[in-house]
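Asker: turn this into a model:
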Amino acid sequence: MSETAVGPETAVTRDGHVAIVEIRRPPHNFFDFKLVKELADGFEALEADPACRAIVLCSQGTAFCAGANFGEPNRRDVPDSPRRVNPLYGEAARMFSCTKPVVAAVHGPAVGGGLGLALVADFRVTCKEAKFSANFNRLGFHPGFGLTVTLPRVVGMQKASLLFYTGRRIGGEEAHAIGLADVLVPAAEVRAEAVKLATEIATSAPIAVMSTRATLRRGLVDEIRNAVAHESVEQNAHYRTADFKEGVAAMAARRTPQFKGC
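Answerer: Numbers count the residues shown, from 1 in each chain. Next comes the predicted model:
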């Protein structure tokens, strides 16, 4: 196997026709524009490589991706224009544009935008210890990362609505039961099982796989681009509310938020 650095916090390892893209920002793998751009760059490089037939997306540390780090000072700049699309989501759309099948190895929490990142993949391999949460409303703002398209597509509108409105965390077993995860294995086997699934996919005829995938996902990238434009407008407004400040403060203090609707 050979390894190539995409950037300071991501790397690609080759295992036959499978490329393993690893996030290296442990322990929580919080995401930001820089990290998602690195991932998109890595996906684009693999898109141009005919030897790559499938991709495994995985992480170091205890979390798959714990979302955005709201505790980091000056982490988020609220755009001057409320209609500006979050550039991070533009990079996410680049990841969705990749035509190679993707398997996510979700060995730990996939929260907020981290869940959105897991849903870039076609399939998710996980363990009972993992946690999945679309916790945006619990923090006082609108979902992002194209999740308003991808989550209902995977689990159905009813279950997606429940996860959005409550912001609840579900474990790997429940995620598997509702179809959010496709394979459930012991924690120590998550990455190996993801590689095994990707290798099985890579054994099929690559032109046929990519063609079938394009048919099944027809229109998805356009839906994602439209969704993130709308999500950005909603989020830009919500970042200015007292409820958003309360949501972040409550999360930091590990208490129940007291929202006022303003």
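Asker: work out the gap between the top helix by length along the chain and the centre of the chain.
Answerer: Using DSSP state H, we find that the single longest helix of the chain is helix 220-238. Here the centre of helix 220-238 is set off from its chain's centre by 15 Å, with CA atoms, centre = their mean, to the nearest Å.
Asker: residues in contact with the residue positioned nearest the centre of the chain?
Answerer: With distances taken as CA atoms, centre = their mean, the residue of the chain nearest its centroid is Leu117 (1.0 Å). With contacts defined as CB atoms under 8 Å, 6 or more residues apart in numbering, Leu117 is in contact with 31, 36, 39, 57, 64-65, 92, 104, 110, 145. Heads up, the C-betas are built off the backbone N, CA and C, glycines and all.
Asker: how about those residues, which pair is most distant?
Answerer: Pairwise distances across these peak at 15.4 Å for Phe64 and Ala92 (criterion: CB to CB).
Asker: where's the residue nearest to the centre of the chain, which helix or strand?
Answerer: helix 113-118 (DSSP states H and E).
Asker: check Ala40 too.
Answerer: Here Ala40 is covered by helix 33-47, with elements defined by DSSP H and E.
Asker: any idea which helix or strand comes after that helix?
Answerer: Toward the C-terminal end, the helix or strand that comes next after helix 33-47 (DSSP H and E) is strand 54-59.
Asker: CA atoms only for that next one, dumped as CSV, please.
Answerer: Once side chains and other backbone atoms are set aside, the C-alpha atoms of strand 54-59 remain, and they are given as CSV (Å, rounded to 0.1, in the frame of the first residue of the first chain):
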residue,chain,number,x,y,z
ALA,A,54,-14.1,2.9,-4.8
ILE,A,55,-13.3,5.2,-1.9
VAL,A,56,-13.3,4.6,1.9
LEU,A,57,-13.8,7.8,4.0
CYS,A,58,-12.5,7.4,7.6
SER,A,59,-10.9,9.2,10.5
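Asker: packing partners for it?
Answerer: When contacts are defined as 3 or more CB pairs under 8 Å, 6 or more residues apart in numbering; DSSP states H and E, strand 54-59 packs onto strand 18-23, helix 33-47, strand 102-106, helix 190-203.
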